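Engineer: Kindly return the folded structure for what I paste below:
(2 chains)
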Number of protein chains: 2
Amino acid sequence: MPDTTPVYLEEFIALHPADLADRLQRIDAKEARHILQELPVKNASAALTELEDEILADLLEEFPQTKLVPLLNAMYAEEAADVLGELEETARARLLRKMGAKEAAAAKTLLKYPEDSAGGIMNDRFITLRAHQTVGEGHRRIRQKHREQKRSDINYLFVTDKEKKLVGVVSIRDLIFSDDEVKVSDIMDREVRYVRVTDDQEEVVRRFEHYHFLGLPVLDEEGHMAGIIAGDDVLSIAIDEQTEDMQKMVGLDGEERTLTPWTQSFKRRLPWLFVNLLTACLAGVVVGLFEGTIKEFIVLAVFLPIIASQGGNAGMQTVTVIVRDMALGELSPGDGRKALFKELLLGLLIGTIIGLIVGLVSYLIAPKFGMSSETGAILGLVVGSAMVLNLLAAALFGVLIPFALKFFRLDPALGSSILITTVTDVAGFFFLLALAKWVLTGSAQA
Amino acid sequence: MPDTTPVYLEEFIALHPADLADRLQRIDAKEARHILQELPVKNASAALTELEDEILADLLEEFPQTKLVPLLNAMYAEEAADVLGELEETARARLLRKMGAKEAAAAKTLLKYPEDSAGGIMNDRFITLRAHQTVGEGHRRIRQKHREQKRSDINYLFVTDKEKKLVGVVSIRDLIFSDDEVKVSDIMDREVRYVRVTDDQEEVVRRFEHYHFLGLPVLDEEGHMAGIIAGDDVLSIAIDEQTEDMQKMVGLDGEERTLTPWTQSFKRRLPWLFVNLLTACLAGVVVGLFEGTIKEFIVLAVFLPIIASQGGNAGMQTVTVIVRDMALGELSPGDGRKALFKELLLGLLIGTIIGLIVGLVSYLIAPKFGMSSETGAILGLVVGSAMVLNLLAAALFGVLIPFALKFFRLDPALGSSILITTVTDVAGFFFLLALAKWVLTGSAQA
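Structural biologist: This next block holds a predicted model:
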């Protein structure tokens, strides 16, 4: 058969799978599907595993099944499971039936676990030994594994007992320095760190970050070794998890990208904007309650956004620090109280400084709004005090909101930016207007 | 010498260095310093390298130099460089003079590069071979390296020419499958991916995430191999970089933690809160300009925070998506225009939906503020239109702000949350009040 590969395909074939995926993500889905079908299986299957989840789901929707099966067969089990996970159940079952028996069985095993659990991110390329085997056998197993699979990242061998339970770990290093006749049980480390298949991937990231693992074994419900999580896979997961936190804070779904189709973005952003609408209305209600006070002292309307904005920003700073530390598991019991104390202290200090400035400004501009200098002084006091109180509220709720969300078993990041700015809007408006009504109305009458 | 280790020290010695560091971060600096001096060098040096930068700097300030030298000598060169990097220059020079000659030289080499560059995060534990050497020699070098250093993560060997320039790479896997007599030049991969010592660590994270490297060689200005970046080190850096983005958006310095001493937090948060104060004043000025309009239609004061808040939240959603994708290098040229188009479309759609709701609400509550149903209808139109316009402004500036920051070679995240909410406050207030002044004042007079 003559080589009839078109020139544009050759260009794609020369690309690294990740770069090929980048190109495919930026062209029309129909064209991308066409190119994937024309490419050699090796390139097409590698590129598929590099696509963003949403774009992958979009591409798969109308991908001919007969063309997809060889691509799935060519993937590692965990990659095939990820791709199959994007399909609806009937399509998935049909593809699994058409795939090679071994490949389908391996993918099925991994598909049992939720996408964001340790089971969902582990792979099945680990080597186990028995404690009574020798170092020489270990070397043979490594060579065999290297022959089967193009991996250069085997750093550990795992030792299991006759019930397939994990009892030890041997590093490649220890293997290299031991004579072939030495028993595995003599060099293995019996203190093995592991995660469970059901553990959240966020917890997995925490362990890798904290302990600098190169790989971490995953045990199933019975304590049998079910898979291994590779360090290089954890990097992408860590980035995804932090992106999720950033996004959830402002009411995004955690998986939105610049290139996400607008229809998806629309569906996902709208709900939280509705929540924001409802909470923003609370601030509007507070203003409505003090209608008369504002009408009497219209200068208050000038300071409402300033007090709210300062509170919102200070509250966001607090929430951002806490949410991040909480997500990465860096808070120990007792740290919450420390954080609250620190934030309240900062709120008081910063509030006082900014309150003094804003109070002085309001005193200075009061005459422009037809106020006597005496009323202006009282206005200054009101505005300054409202600022201090709102920064204290920002501190208090900036700590409380993520802890409360966590207490209710929600993601501490979830809408936290929307919640904190609502609190600081409502509290700021209330402090300013209530104080003004109480003090100013009286003074103006006096 | 009898074993006089106190019980509490034994407890600390039993901990993993990362857990020990966690404990030290939560106690008084003086006590932590005491414990570090009492611990065996191995434990103390390992714990030091696990501390958060700020707490490390704090601990080092009054740490006796004679006790610090053996700890530095016991560290890997890049760890010692990191610790020394936290000290002021004279103290650093003094310690380098007291350290072992070899250890000091290695640390000095790494200290040449900025902390957040590829040179600042690489280590010097790589193995080089010459192309004419054999696979057998490669095996000997690995054994030797394993003997010198307790590492199990050697995945590649690097091939250099006689000018010490990097010309190829050999994976452990290829080494295992080649006979001892085979020449390195016959099995090496000549297409080596690398970074330069001066490359930003953010760029390093991007490459690791994109290409799933296990390790990446770093070349100096002359193209000589200067070090290697290990995959497990990149995880912490990736998390730090994303934390920095999250924090910079809201005016934090990027390195703040819950346990950061309040004096540090105070110094770092205040400047951006001042910036926010100035920008918030702009919104106040807009309100002041339309003083008369608000006085006439006090109901407008109720809708000011609602329109500002919706714009702020929608703008934050846009900024958050763009900043993250920009930081991770996921935006190609042309993506900016796509993003702008998508965001404007979303702004128009979401703005219309929410504008209709808010417009209807304002029409319904208008009578409560003494408006005729006709004026109420016009109010509804004004409020709804202001909402649409503000969500369009949020979309436009949500895209423009990070791109503009990048254009001026600033971090796209820098204060972006403060900037976008200022824009949506000012724009929202202006749209509502200007429209109201234009349409309502006329209608009320008519």
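Engineer: For the rest of this, base every contact and every neighbour count on C-alpha atoms.
Structural biologist: Noted.
Engineer: who does whichever strand or helix holds residue A:276 touch, helix- and strand-wise?
Structural biologist: For residue A:276, the host element (DSSP states H and E) is helix A:262-289. The contact analysis (3 or more C-alpha pairs under 8 Å, 6 or more residues apart in numbering or on different chains; DSSP states H and E) places helix A:262-289 against helix A:416-435, helix B:299-327, helix B:335-365.
Engineer: Just send those back as a markdown table, with mean pLDDT too.
Structural biologist: Listed next are those as a markdown table, based on pLDDT from 0 to 100:
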| stretch | mean pLDDT |
| --- | --- |
| helix A:416-435 | 95 |
| helix B:299-327 | 95 |
| helix B:335-365 | 96 |
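Engineer: Mind checking the ones you listed for the one nearest to residue B:76?
Structural biologist: helix B:299-327 (30.0 Å; C-alpha to C-alpha).
Engineer: Now the residue in the stretch 151-300 of chain A that chain B sits nearest to: closest residue in space, sequence neighbours ignored.
Structural biologist: Going by C-alpha to the nearest C-alpha, chain B is nearest to residue A:284 of the stretch 151-300 of chain A, at 4.4 Å. What sits nearest to residue A:284 in space, not counting adjacent residues and going by C-alpha to C-alpha, 6 or more residues apart in numbering or on different chains, is residue B:302, at 4.4 Å.
Engineer: Residue A:205 now?
Structural biologist: Once flanking residues are discounted, residue A:205 sits nearest to residue A:238: 5.8 Å by C-alpha to C-alpha, 6+ apart.
Engineer: quick one: contacts for residue A:420?
Structural biologist: Residues near residue A:420 by C-alpha atoms under 8 Å, 6 or more residues apart in numbering or on different chains: A:312, A:315-316, A:319, A:394, A:397-398, A:401.
Engineer: just the residues you listed now: which is nearest chain B?
Structural biologist: Using C-alpha to the nearest C-alpha, the contacts of residue A:420 come closest to chain B at residue A:316, 6.5 Å.
Engineer: And that closest one, how close does it get to residue A:432?
Structural biologist: Distance from residue A:316 to residue A:432, counting by C-alpha to C-alpha, to the nearest Å: 20 Å.
Engineer: For residue A:88, give me its contacts.
Structural biologist: No contacts exist for residue A:88 under C-alpha under 8 Å, 6+ apart.
Engineer: hmm, back to that, tell me what angle the helix holding residue A:276 forms with helix B:335-365.
Structural biologist: 40 degrees (axes from the mean of the first three to the mean of the last three C-alpha atoms, to 10 degrees).
Engineer: My guess is the residue nearest to residue A:205 contacts residue B:239. True?
Structural biologist: Yes: shown here, residue A:238 and residue B:239 form a contact pair, counting by C-alpha atoms under 8 Å, at 7.0 Å.
Engineer: angle of the helix holding residue A:276 against helix A:299-327?
Structural biologist: If you take the same axes, to 10 degrees, helix A:262-289 sits at 130 degrees to helix A:299-327.
Engineer: Next SSE downstream of helix A:262-289?
Structural biologist: Counting by DSSP H and E, the element after helix A:262-289 in chain order, helix or strand, is helix A:291-296.
Engineer: coming back round to it: where's the helix holding residue A:276 relative to the chain centroid, distance-wise?
Structural biologist: 23 Å (C-alpha atoms, centre = their mean, to the nearest Å).
Engineer: Now it: buried residues?
Structural biologist: A:262, A:265-266, A:268-270, A:272-273, A:275-277, A:279-288 (16 or more other C-alpha atoms under 10 Å in any protein chain shown).
Engineer: ok, residues contacting stretch A:239-250?
Structural biologist: The contact list for stretch A:239-250 (C-alpha under 8 Å, 6+ apart) reads A:202, A:253-256, A:323-324, A:327, A:413-418, B:238-239, B:242-243, B:246, B:313, B:316-317, B:320-321, B:324.
Engineer: quick one, helices of the stretch 51-200 of chain A?
Structural biologist: A:53-60, A:65-74, A:77-85, A:89-98, A:101-111, A:118-121, A:135-148, A:172-176, A:184-187 (DSSP state H, counting those that start in this stretch).
Engineer: Adding distance to chain B, mean pLDDT and mean neighbour count, write the ones you listed out as CSV.
Structural biologist: Formatted as CSV, the helices of the stretch 51-200 of chain A follow (distance: least, C-alpha to the nearest C-alpha, whole Å; pLDDT from 0 to 100; neighbours: other C-alpha atoms under 10 Å in any protein chain shown):
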stretch, distance to chain B, mean pLDDT, mean neighbour count
helix A:53-60, 14, 87, 18
helix A:65-74, 19, 93, 18
helix A:77-85, 14, 93, 23
helix A:89-98, 27, 94, 14
helix A:101-111, 21, 94, 18
helix A:118-121, 15, 94, 28
helix A:135-148, 6, 83, 16
helix A:172-176, 5, 78, 20
helix A:184-187, 15, 92, 20
